[in-house]
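Q: What follows is a predicted structure for the sequence shown.
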Amino acid sequence: MLRSTALHTFAVVATVLVVPLVLVAAEHPTQTGTPRGYIAADYSKKLLAHVGADNADVWKKTIRDVHDLQVLPNGHLLTQTDFQTVVELDGKGETVWTYDAKKSPGNADRRVEVHAFQRFADGSTMIVESGPARILEVDASGKVLVEIPLVVKNPDTHRDSRLARKLENGHYLVCHEKDQTVREYDAQGKVVWEYSTGSSLYSAERLSNGNTLIGTGNGHSVIEVNPAKEIVWSVTETELPGIKLGWITMVERLADGNTLIVNCHGGDNQPHALIVTPEKKVIWTLKDHARFGNNLPVLKLVDHLAPATR
């Protein structure tokens with residue numbers, strides 16, 4: 001009888017001990033929703049980091065300034081260490097390619113900043129220059145293959161452009177922060193479509209349905225605009241419960257139809273990034289003010305990267 005009571009007492013104690021351990025293991029220190037791996041950079045803390053879903057650093061690197069980031073099909077990363085230097089990093093964060101905008105033709109004695117770039121399937125790279133106000137496509141050696149002038153009505157070396165992407169039709173979608181306008185250029189540099197946000201916009205993505213998803217910068221919002229320039233979907237500054245949108249930088253329509261929003265300058269009590277459904281339900285947030293500061297403009301989810309590239 002005593003032995004049975006002792007066993008019963010041990011089982012109760014074991015249950016009490018096990019349950020809290022399981023709950024602690026399920027908690028995540030920086031994310032809500034399903035934990036995600038990501039690469040992000042914050043220029044206040046001069047940090048570029050690949051962080052796993054377990055919140056551990058896969059690698060990290062010191063940078064100076066950053067406004068763009070592209071994950072390449074081979075798991076490498078195209079980003080920058082300052083506003084003149086674009087780099088390709090391998091899966092360990094080591095530099096395998098560098099482009100110096102000061103060495104581009106005509107730039108030796110003039111101010112130039114790069115805020116957008118894109119690697120193409122043929123290995124060439126688009127570089128968008130503020131100051132000279134042009135789009136370049138260069139080969140691996142830095143030789144200029146294509147040069148297209150940009151339309152800039154309010155010249156500003158730091159704010160002529162923000163994010164830009166070449167579209168499947170060969171056109172270029174360029175965000176002009178100072179002009180507060182996103183412009184679509186054809187292959188010859190003619191403006192064929194534009195949309196003015198009334199704010200210092202940061203990013204634009206052409207969606208498969210022909211609409212354009214825009215991160216409005218200090219407009220504190222995300223908007224989806226159709227070709228007729230009508231807003232068909234949006235998330236505004238205080239629309240999400242408990243969240244206030246700051247300077248909206250990168251925005252991305254994910255494969256599942258949800259939208260990734262990078263919330264730069266949001267403040268200490270706000271998430272650095274979040275994912276919302278089409279119905280505007282928040283299903284994921286990242287809030288890591290121990291690792292990053294208040295100047296995190298770029299973030300990409302990298303759950304797809306194979307362990308070998310990490």
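A: Yep, that arrived.

Q: what about the strands in the stretch 101-250 of the chain?
A: Using DSSP state E, counting those that start in this stretch, the strands of the stretch 101-250 of the chain run over 113-119, 125-130, 134-138, 144-149, 164-166, 172-176, 181-185, 191-196, 203-206, 212-215, 222-225, 231-235, 247-253.

Q: how about CSV for these, with mean neighbour count added?
A: Every residue, glycine included, has its C-beta placed from N, CA and C. Listed next are these as CSV, based on neighbours: other CB atoms under 10 Å:
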stretch, mean neighbour count
strand 113-119, 22
strand 125-130, 24
strand 134-138, 21
strand 144-149, 14
strand 164-166, 21
strand 172-176, 25
strand 181-185, 22
strand 191-196, 14
strand 203-206, 23
strand 212-215, 24
strand 222-225, 22
strand 231-235, 15
strand 247-253, 23
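
Q: which stretch among these comes nearest D156?
A: Closest to D156 of the strands of the stretch 101-250 of the chain is strand 125-130 (CB to CB; 7.4 Å).

Q: Any idea how far the closest one is from the middle of the chain?
A: 17 Å (CA atoms, centre = their mean, to the nearest Å).

Q: Return the mean pLDDT over it, rounded to an integer.
A: The pLDDT scores in strand 125-130 average 98.

Q: ditto for stretch 73-91
A: Rounded mean pLDDT across stretch 73-91 is 97.

Q: repeat for stretch 39-59
A: 97.

Q: Show me the contact partners of it.
A: 28-31, 35-38, 60-66, 69, 71, 77, 79, 92-93, 272-273, 286, 288, 291-300, 302-303, 310 (CB atoms under 8 Å, 6 or more residues apart in numbering).

Q: Can you mark which positions in that stretch are buried?
A: 39-43, 45-52, 58-59 (16 or more other CB atoms under 10 Å).

Q: Quick one: end-to-end length of it, please.
A: From its first residue to its last, stretch 39-59 covers 10 Å (CA to CA, to the nearest Å).

Q: same deal with stretch 167-178?
A: Per CA to CA, stretch 167-178 runs 22 Å from first to last residue.

Q: ok, now stretch 149-161?
A: 12 Å.

Q: In helices, which of the buried residues of stretch 39-59 appear?
A: Judged by DSSP state H, helices contain none of the buried residues of stretch 39-59.

Q: one step back: any chance of the strands of the stretch 101-250 of the chain in CSV, with distance to N263 too?
A: Formatted as CSV, those follow (distance: least, CB to CB, whole Å):
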stretch, distance to N263
strand 113-119, 19
strand 125-130, 24
strand 134-138, 28
strand 144-149, 32
strand 164-166, 21
strand 172-176, 17
strand 181-185, 20
strand 191-196, 22
strand 203-206, 13
strand 212-215, 10
strand 222-225, 10
strand 231-235, 11
strand 247-253, 7
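
Q: Of all those strands, which one comes closest to V282?
A: Comparing the strands of the stretch 101-250 of the chain by CB to CB, strand 231-235 comes nearest, at 9.7 Å.

Q: What helices and strands are in contact with the closest one?
A: Using 3 or more CB pairs under 8 Å, 6 or more residues apart in numbering; DSSP states H and E, the elements in contact with strand 231-235 are strand 222-225.

Q: Identify the residues contacting the strand it packs on?
A: Residues contacting strand 222-225 (CB under 8 Å, 6+ apart): 195, 197, 207, 211-216, 231-235, 245, 248, 251, 259, 261.

Q: Any stretches of the stretch 201-310 of the chain with poor pLDDT?
A: 304-310 (pLDDT under 70).

Q: quick one, helices of it?
A: Ranges of helices within the stretch 201-310 of the chain: none, based on DSSP state H, counting those that start in this stretch.

Q: Nearest to E279, out of the strands of the stretch 101-250 of the chain?
A: Of those, nearest to E279 by CB to CB is strand 231-235, at 10.4 Å.

Q: Can you list the strands that the closest one pairs with?
A: Here strand 231-235 has these sheet partners by DSSP bridges: strand 222-225 (antiparallel).

Q: Go ahead and produce CSV holding the CA coordinates of the partner strand.
A: The C-alpha coordinates for strand 222-225 follow below in CSV (Å, rounded to 0.1, in the frame of the first residue of the first chain):
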residue,chain,number,x,y,z
VAL,A,222,0.8,49.3,-47.6
ILE,A,223,-1.4,49.7,-50.7
GLU,A,224,-2.3,47.6,-53.7
VAL,A,225,-3.1,49.6,-56.8
